[in-house]
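*Asks:* Return a 3D structure for these sequence lines:
(one chain, ligands or ions: 1)
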Amino acid sequence: MTTIAPLVYDELVRNDREGFTIAEDDEYFYDALPYAFNWRLVMTPKADPRVWDYGWCYDGSASLILAMRVWNPETQNEPLGWKKRPTGRTARIAPRAGTEPKYNRPRCVHGHYPADGPCSTDPYCGIHDR
Ligand SMILES: [Zn+2]
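*Replies:* Sure, this is the predicted structure:
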């Protein structure tokens, strides 16, 4: 099996989906959507660009772009450095997640690893999950 890393652009490229594209692979556009108080990195399926399958919120476009540059979506479930997963507890699972088990431990909606201790963003985070 060949791993094809996404092609990451040098800069954000405006698209016709009310945002920008920062990368793409065979299956997805990796879009950057500006909101009032944050930016969201979303995976937009090329087969149906009207929706997005997964998303992560960042403080700004710079941290989003950095995260995209170091992320291998083939083996790493989610990128680094986000502050909120807008889809809640539904985390993405990478096609070959098993090859990087340390990276792919469960994370809360704020991107922290519950196994490492309480969430530093919200003391009540995950309290209803048990
Ligand atoms: Zn949390």
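
*Asks:* nearest residue to residue 97 other than its sequence neighbours?
*Replies:* residue 104 (4.7 Å; C-beta to C-beta, 6 or more residues apart in numbering). Glycine gets a C-beta too; all of them are placed from N, C-alpha and C.

*Asks:* Quick one: residues contacting that neighbour.
*Replies:* Applying C-beta atoms under 8 Å, 6 or more residues apart in numbering to residue 104 gives the contacts 76-77, 94, 97.

*Asks:* and these, which are buried?
*Replies:* For these, a burial check counting by 16 or more other C-beta atoms under 10 Å picks out 76-77, 94.

*Asks:* Doesn't residue 76 belong to a helix?
*Replies:* No - counting by DSSP: H, G, I helix; E, B strand; the rest coil, residue 76 is not part of a helix but coil.

*Asks:* my guess is it meets residue 99, correct?
*Replies:* No - in this structure, residue 76 is not within contact of residue 99 by C-beta atoms under 8 Å, at 9.4 Å.

*Asks:* and the gap between residue 39 and the ion?
*Replies:* Note on residue 39: its distance to the ion, by C-beta to the ion, to the nearest Å, is 19 Å.

*Asks:* any chance you could map the helices in this structure?
*Replies:* For the chain, the helices defined by DSSP state H occupy 61-70.

*Asks:* Without its sequence neighbours, what residue ends up closest to residue 113?
*Replies:* Of all residues not flanking residue 113 in the chain, residue 105 sits nearest, at 5.3 Å (C-beta to C-beta, 6+ apart).
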